[in-house]
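Asks: what's the 3D shape of this:
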Amino acid sequence: MKGLLQSLGALVRRRRLALAAGLAFAAAALTAGQGLASGAAGDVLGLRLGGDAQRTRIVLDLDRRAEGRVVEDGRSGRLVLDLSGVTPPSRIDGRGRGLVRDYAVTGRGATARVEIALTGAVEVERRFLLPPGDGVTHYRYVVDVRANGRAVAAEAPARAARAPARAERPLVVIDAGHGGRDPGALGAHARESDITLAAARELAQILERTGRYRVRLTRSDNTYVDLYRRVAIARQADADLFISLHADAGSDPATRGASVYTLSEQGAGRAVREFTGRDDWHRELHLPGRDPSVDRILLDITQRTTQNRSARFARSLLGEIERVDHPLLRRSHRDAGLAVLLAPDVPAVLLEMGFITNPEDERALTDARQRRRLMEAVSRGIDRYFAGGGDIQLAANAPSAGSP
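Replies: Predicted coordinates for the structure are as follows:
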């Protein structure tokens, strides 16, 4: 079982939660006995479909490993994929089911092009590669699509060439720590809740001006928001990234510097326990709910994927903060079981911008110019995180919280 988890974890690609959660759905769909269109021999063995008019699964059976790339993302009524390293023995085509009207798989040199005409506009929820296992002797490249409620004016034949549609911008949720009846830490001249709100507003403005992101604040004024509600806001919005802004405090006024927290192993265990305590937890992750043990394994994989992404974001963030000569704690990447980091499917960090109990840090955090300079560095850290893309970088040994 340990070997299976390691193999699956190594194959997880870009999109947060659903990449891992979809593994259970894949196992169910692939054994459901749905139709297979296939050729006689070659790298692409065939294409299978399952699902309905709301969600449809597309499965390509392959006799070797392949890398997938989305050419057209389905929002125009047409989904086109390139699978490098494999080709079909001849053209594979057929009529569809669910959200698929018809499809064609053709060879383009050492690449298979998969062209799918859809019944309407869709969003790609997840895509991943499954290795041989559990009685299946070949690879399977899986793509899950869901209807997005927008009709396509005309039928989109699988053979028609169209310009690629622009993917939706990532959603960043910014959490201003504390607020309302919870002022947070107190400095000589300022309250933490005021500093975090000012910083959150500035970061939101910077990100929105780039035109590259959608942004949402968990609070936009001096109101109290429950910690678990902050996490729920990010999950319900299907956020791509969550950053919680805080100002640290300590008993020694000489202690200063920023630090970034990601979820600890103990916190991850707590998150899984709390999440699975709900009756419908598998539905929240789009799991089939037919086998609790399989769903639990895939929740663990999802959690690990999220932790890895969070650690990668933390490294990007700290690198950019250091470049602007903003002071950092000696051990600036820490881990903890903080409530705002508990979402199993949204990469999240908590940024302690500095110590409000240190006179120099307090002056920097209350000075609009210096605070904006810090938020510009945070924005560049977000840019670096999303520009990184590709394979998830494992971070099994994140440093533990401790004294500066």
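
Asks: who's the nearest residue to residue 241 once chain neighbours are set aside bridged to?
Replies: Nearest non-adjacent residue to residue 241, counting by CB to CB, 6 or more residues apart in numbering: residue 172, 4.9 Å away. Where you see a C-beta, it was placed from the backbone N, CA and C, and this is true even at glycine. Beta-bridge pairing of residue 172 under DSSP bridges involves residue 215, residue 241.

Asks: Please report how far residue 172 lies from residue 109.
Replies: Between residue 172 and residue 109 the computed distance is 38 Å (CB to CB, to the nearest Å).

Asks: Show me which of the two is the more surrounded one.
Replies: residue 172 (24 against 8; other CB atoms under 10 Å).

Asks: can you pull the contacts of that one?
Replies: 207, 213-216, 239-243, 382 (CB atoms under 8 Å, 6 or more residues apart in numbering).

Asks: Heading C-terminal from the helix or strand where residue 247 lies, find the next helix or strand.
Replies: Using DSSP states H and E, residue 247 maps to strand 241-248. Next helix or strand after strand 241-248 toward the C-terminus (DSSP H and E): strand 258-263.

Asks: and the helix or strand following that following strand, what other elements does it pack with?
Replies: With elements assigned by DSSP H and E, the helix or strand that comes after strand 258-263 is helix 265-276. Judged by 3 or more CB pairs under 8 Å, 6 or more residues apart in numbering; DSSP states H and E, the packing partners of helix 265-276 are helix 292-323, strand 328-336.

Asks: Name the residues that touch helix 265-276?
Replies: So helix 265-276 is contacted by 263, 281, 284, 296, 299-300, 303-304, 307, 335-338, 341-344 (CB under 8 Å, 6+ apart).

Asks: In the stretch 51-200 of the chain, where is pLDDT below threshold?
Replies: Along the stretch 51-200 of the chain, the parts satisfying pLDDT under 70 run over 149-167.

Asks: Let me see the ranges of the helices in it.
Replies: 192-210 (DSSP state H, counting those that start in this stretch).

Asks: got the residue ranges for the strands in it?
Replies: Per DSSP state E, counting those that start in this stretch, the stretch 51-200 of the chain carries strands over the ranges 55-62, 67-73, 78-84, 92-95, 100-108, 111-118, 122-130, 139-147, 171-176.

Asks: Could I get the contacting residues of the closest residue to residue 207 other than its chain neighbours?
Replies: Residue nearest to residue 207 in three dimensions, not counting chain neighbours: residue 213, with 4.6 Å by CB to CB, 6+ apart. Counting by CB under 8 Å, 6+ apart, residue 213 touches 169-172, 207, 382.

Asks: with those residues in mind, which one is nearest to residue 366?
Replies: Within those, proximity to residue 366 (CB to CB) peaks at residue 207, which comes in at 22.0 Å.

Asks: quick one: the closest one and residue 215 touch, right?
Replies: Yes - using CB atoms under 8 Å, residue 207 makes contact with residue 215 at a distance of 5.1 Å.

Asks: More neighbours: the two, which one.
Replies: Taking neighbours as other CB under 10 Å, residue 207 and residue 215 compare with residue 207 leading, 22 against 18.
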